[in-house]
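# Model the structure of this input:
(chains A and B, ligands or ions: 3)
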Amino acid sequence: MILHFILNSKPVSKDLDPSRRLIDVLREDFLLTGVKEGCGEGECGSCTILMDGLPVHACMVLAGQLDGHRLLTIEGLSASGELDILQQAFIENNAVHCGFCTPGMIMAAKGLLLQNPDPTEEEIRTAISGNICRCSDYRQIVMAVKDAAARLRAQGGAR
Amino acid sequence: MIFTVPKTLEELQTALANRSERFVFAAGCTDILPKKLGKPWEVDEIIDLTHVPELQTIGTGPQTGDYFIGACCTHAQVAADPEVRRHYTALAQACEQIGSVQIRNRGTIGGNVANGSPAADTLPCLMALGAEIEWIDGVCIKGFWLPGAQAPSAGSGTVVSAFAKLGDRDIVTIARISLAVRSVLRGGRYTNTAVVVGAASLQPFFCDEAAAVLDGSQPGEVDREAFAGALAKAIEASIPNRPTMPYKRSAVRGPAFDVLERLANFEH
Ligand SMILES: Cc1cc2nc3c(=O)[nH]c(=O)nc-3n(C[C@@H](O)[C@@H](O)[C@H](O)COP(=O)(O)OP(=O)(O)OC[C@H]3O[C@@H](n4cnc5c(N)ncnc54)[C@H](O)[C@@H]3O)c2cc1C
Ligand code: FES
Ligand code: FES
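Ligands and ions are numbered 1, 2, ... in the order given. The predicted model follows:
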């Protein structure tokens, strides 16, 4: 089935098996391996991407459902060659340890900041409550998101 | 594998008329994909429901004032809808607690009902609120009709409702017990109350004894122990031989007190 969608700001038309999961298509066909598979059942959040600006699990979408949608993966955040403010803030706040959860965590945070540039700590915790990190410290992750939000506000809003 | 993507109601009707014997609908896929994980598809056709605008609409019906929620509205969409928050509060409260942000952005109300899990959070709310299902061809849920805020059942009173659930943790949790209450505040007292218990047994059920405790009481002055006691008895009767019965019978006090507090704090 030929599917038409926007992937990391670029229009794509691709012949895909519609019954495959989006996570497999992104990793295997587009080599976007920043989309991680932790559980495959919606529990861990490591496959989080933005679909039309909203965080969703790439393991819970079928390729055949993609027509007309806009997808953003972690790779799309630094497409210009420069790291996104959230990525910088994660590095500077030591919010990355093994890094497996990080792309999903950052995309969940990105979805939050696009809707709410000045989130409270509770709102940040709610936004990442579906993202499990097994080796870092949630406090540093929350600090990184707060830090990124402050920097974005200083620059005039999320990009 | 046939993958059908209807883009209008007519195309959906045609797809349903021509459907394969073994088919599945794909809405948010938050139930079908975890179930299928690591296994091949056991169907010959997948019918996508996410491209039919009529299934994603939410709003007041033209004549009756009843409120329509399309089957493919996501939990996030339902929870954010101002009219649902105001007039069908229990449903908004249930939807805003379902899973995580990602699950709420994908999972749909129609999928939640059709999947029929005993722990489905929207089911007790829809029952308590008196929702009716509109079907397409008897197999596909088009959406849910909720009685309008001015419906005769409300009379001159104000409809109030609330939802509470008990899970293993506070957020991102599957209900062990859920409670949905809908009542009409008339002259400062609860009347016409409906109480639905979810997740305790295989199907949600009405608990008239608990509803009777509310009827005639003023918000904030309900006999909480009598309310929790009626629920405990109903749970005991519904799952007498289940190993979880003693736990659920006593644990129901938590959501019982929570739902009463939420109901009393109801603000229009
Ligand atoms: C991590 C996680 C956490 C969760 N937490 C909760 C929770 O807290 N509370 C809760 O209640 N649920 C929870 N769920 C389940 C919840 O996400 C689903 O029940 C969801 O609402 C199903 O909708 P869907 O659109 O994803 O359905 P799908 O997976 O697309 O479909 C599910 C079933 O419904 C059928 N179907 C879908 N739409 C229709 C329709 N319009 N007409 C007829 N049949 C239809 C399909 O054929 C399929 O059999 C959770 C799920 C996950 C993975
Ligand atoms: S891999 Fe998708 S949520 Fe875990
Ligand atoms: S940094 Fe290792 S899982 Fe989060």
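
# just checking, what packs against the helix or strand in which residue B:124 is found?
In this structure, residue B:124 sits in helix B:122-128 according to DSSP states H and E. Under the contact definition 3 or more Cβ pairs under 8 Å, 6 or more residues apart in numbering or on different chains; DSSP states H and E, helix B:122-128 sits against helix B:89-95, helix B:109-115, strand B:158-166, strand B:177-186, strand B:189-198. Every residue, glycine included, has its C-beta placed from N, CA and C.

# In a markdown table, list the ones you listed along with mean neighbour count and mean pLDDT.
Converted to a markdown table, the helices and strands packed on helix B:122-128 look like this (neighbours: other Cβ atoms under 10 Å in any protein chain shown; pLDDT from 0 to 100):
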| stretch | mean neighbour count | mean pLDDT |
| --- | --- | --- |
| helix B:89-95 | 27 | 97 |
| helix B:109-115 | 23 | 97 |
| strand B:158-166 | 24 | 94 |
| strand B:177-186 | 25 | 95 |
| strand B:189-198 | 22 | 96 |
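
# Nearest to residue B:18 among the ones you listed would be which one?
In terms of Cβ to Cβ, the element of the helices and strands packed on helix B:122-128 nearest to residue B:18 is helix B:109-115, at 20.3 Å.

# ok so, going back, in JSON lines, list the helices and strands packed on helix B:122-128 along with distance to ligand 2.
JSON lines is the format used below for the helices and strands packed on helix B:122-128 (distance: least, Cβ to the nearest ligand atom, whole Å):
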{"stretch": "helix B:89-95", "distance to ligand 2": "20"}
{"stretch": "helix B:109-115", "distance to ligand 2": "17"}
{"stretch": "strand B:158-166", "distance to ligand 2": "22"}
{"stretch": "strand B:177-186", "distance to ligand 2": "24"}
{"stretch": "strand B:189-198", "distance to ligand 2": "25"}
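
# Just send the ones you listed back as CSV, with distance to residue B:265 too.
As requested, these are arranged in CSV below (distance: least, Cβ to Cβ, whole Å):
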stretch, distance to residue B:265
helix B:89-95, 10
helix B:109-115, 24
strand B:158-166, 8
strand B:177-186, 13
strand B:189-198, 14
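
# so which of the ones you listed comes closest to ligand 1?
In terms of Cβ to the nearest ligand atom, the element of the helices and strands packed on helix B:122-128 nearest to ligand 1 is helix B:109-115, at 2.2 Å.

# hmm, who's touching the closest one?
Applying Cβ atoms under 8 Å, 6 or more residues apart in numbering or on different chains, the contact partners of helix B:109-115 are B:25, B:27-28, B:30-31, B:49, B:55, B:69-75, B:78, B:95, B:98, B:120-123, B:126, B:133, B:141, B:143-144.

# give me the low-pLDDT residue ranges for the stretch 151-268 of chain B?
Within the stretch 151-268 of chain B, the stretches with pLDDT under 70 are B:151-155, B:170, B:267-268.

# host element of the closest residue to ligand 2 within it?
Residue nearest to ligand 2 within the stretch 151-268 of chain B (Cβ to the nearest ligand atom): residue B:172, separated by 11.3 Å. Assessed by DSSP H and E, residue B:172 sits outside every helix and strand.

# who touches the host helix or strand of residue A:50?
Of the helices and strands defined by DSSP H and E, residue A:50 is found in strand A:48-51. The set of residues that contact strand A:48-51 without belonging to it, under Cβ under 8 Å, 6+ apart, is A:22, A:26, A:35, A:55-58, A:61, A:69-74, A:103-105, A:107-108, A:110-111, A:114, A:130-131, B:102, B:105.

# now do stretch B:18-35
For stretch B:18-35, using Cβ under 8 Å, 6+ apart, the contacting residues are A:21, A:40-42, A:57, A:59-62, A:64-65, B:2, B:4, B:42-50, B:71-72, B:74, B:99, B:103, B:106-108, B:110-111, B:114-115, B:117, B:140.

# Select from those every entry located in helices.
Among the contacts of stretch B:18-35, the ones falling in helices (DSSP state H) are B:103, B:106, B:110-111, B:114-115.

# how about the residues you listed in CSV, adding distance to residue B:182?
Formatted as CSV, the entries for those read as follows, by distance: Cβ to Cβ, whole Å:
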residue, distance to residue B:182
B:103, 25
B:106, 27
B:110, 21
B:111, 23
B:114, 22
B:115, 23
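
# So which residue is smack in the middle of chain B?
When chain B is reduced to its mean C-alpha position, the closest residue under Cα atoms, centre = their mean turns out to be residue B:122, at 1.7 Å.

# Distance check, that residue against residue B:72.
The spacing between residue B:122 and residue B:72, counted by Cβ to Cβ, to the nearest Å, is 13 Å.

# can you check residue A:74 too?
As defined by Cβ to Cβ, residue A:74 lies at a distance of 28 Å from residue B:72.
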